[in-house]
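Enquirer: Sequence and predicted model, in that order:
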Amino acid sequence: MEKESRLFEQVSTKIRNDIKRGKFKVGEKIPSEPALMELYGVGRSTVREAIKSLALSGILTVQQGFGTKVNAGPTEPIEQRLRSADFKEINQVRALLEQEIVRLATKNRTESDLEAIIEALEKRKSAIEKESRTECTDADIAFHLAIARAAGNRVLSDLYESFTVIIRDFFTKRAPSGITHFAMSHHLHEALFDAIKAGNTDSALSITTTILNNNH
């Protein structure tokens, strides 16, 4: 299954590259499934999965009775575009997400939400004490993701969860081996939990801003 998954991703990349080179032009149909199977040397299921993934990314549109056409717009996956963005841009987007998440979490959090947040916070502290950067990263992301889920907006929490891939990548670049940033900001994370628990929106938003401003 893993091999099949990698195969359709490889075909997706090849189709995307052919679009970039102008082999498949915007607004026009791409070749039929049999033609793509022959072109890329793969089976029908692989071609279908590749087309499905590109359609979900907005690169292709499958039209009943017409075929599959190339859409106008960027052909680079959003994950790659985010990874190539600079820190300032990433932090601005993260700030927009987290400010709204925290605002909603102070109003909508339940007892079970608070339990999940404090559990992640305790794991974060334990990881700092063990000086494990990997565990710090995992626990920090789990902490903020628990807050996102406490916001009570499923779309927002799903969006934040997808963004954590980029946050994890940033943490790796920021501190390849150390845990200094995690340790220095832990008291702020504790204060953020207290503010959310107390339902203090203004305090929670202010602490979130401080965390993000010291995220370099």
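Expert: Looks like it came in fine. Numbers count the residues shown, from 1 in each chain.

Enquirer: Buried residues in stretch 100-113, which are they?
Expert: Glu100, Ile101, Val102, Arg103, Leu104, Ala105, Thr106, Arg109, Asp113 (16 or more other C-beta atoms under 10 Å). Quick note: C-beta positions are derived from backbone N, CA and C, even for glycine.

Enquirer: where in this structure is pLDDT low?
Expert: Along the chain, the parts satisfying pLDDT under 70 run over 1-5, 73-86, 174-177, 216.

Enquirer: hmm, back to that, which of the buried residues of stretch 100-113 fall in helices?
Expert: When DSSP state H defines the helices, the subset of the buried residues of stretch 100-113 inside them is Glu100, Ile101, Val102, Arg103, Leu104, Ala105, Thr106, Asp113.

Enquirer: As TSV, those residues with distance to Leu121 would be great.
Expert: Formatted as TSV, those follow (distance: C-beta to C-beta, whole Å):
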residue	distance to Leu121
Glu100	21
Ile101	16
Val102	14
Arg103	19
Leu104	19
Ala105	14
Thr106	16
Asp113	13
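
Enquirer: Gly178 versus Phe8, what's the distance?
Expert: 38 Å (C-beta to C-beta, to the nearest Å).

Enquirer: Tell me which of the two has more neighbours.
Expert: Phe8 (20 against 12; other C-beta atoms under 10 Å).

Enquirer: so who does Ser132 touch?
Expert: Counting by C-beta atoms under 8 Å, 6 or more residues apart in numbering, Ser132 touches Ile179.

Enquirer: Then His186?
Expert: Shown in contact with His186 (C-beta under 8 Å, 6+ apart): Arg124, Lys125, Ile128.

Enquirer: Just give the nearest non-adjacent residue to the first one, would you?
Expert: In space, Arg124 comes closest to Ala139 once its chain neighbours are excluded; the distance is 3.8 Å by C-beta to C-beta, 6 or more residues apart in numbering.

Enquirer: returning to what we had before: and the ones in helices among the buried residues of stretch 100-113, which is closest to Ser203?
Expert: Nearest to Ser203 among these: Thr106, at 8.6 Å, using C-beta to C-beta.

Enquirer: which residue packs closest to the closest one, ignoring adjacent ones?
Expert: Leaving aside its chain neighbours, Thr106 sits nearest to Thr201 (4.4 Å; criterion: C-beta to C-beta, 6+ apart).
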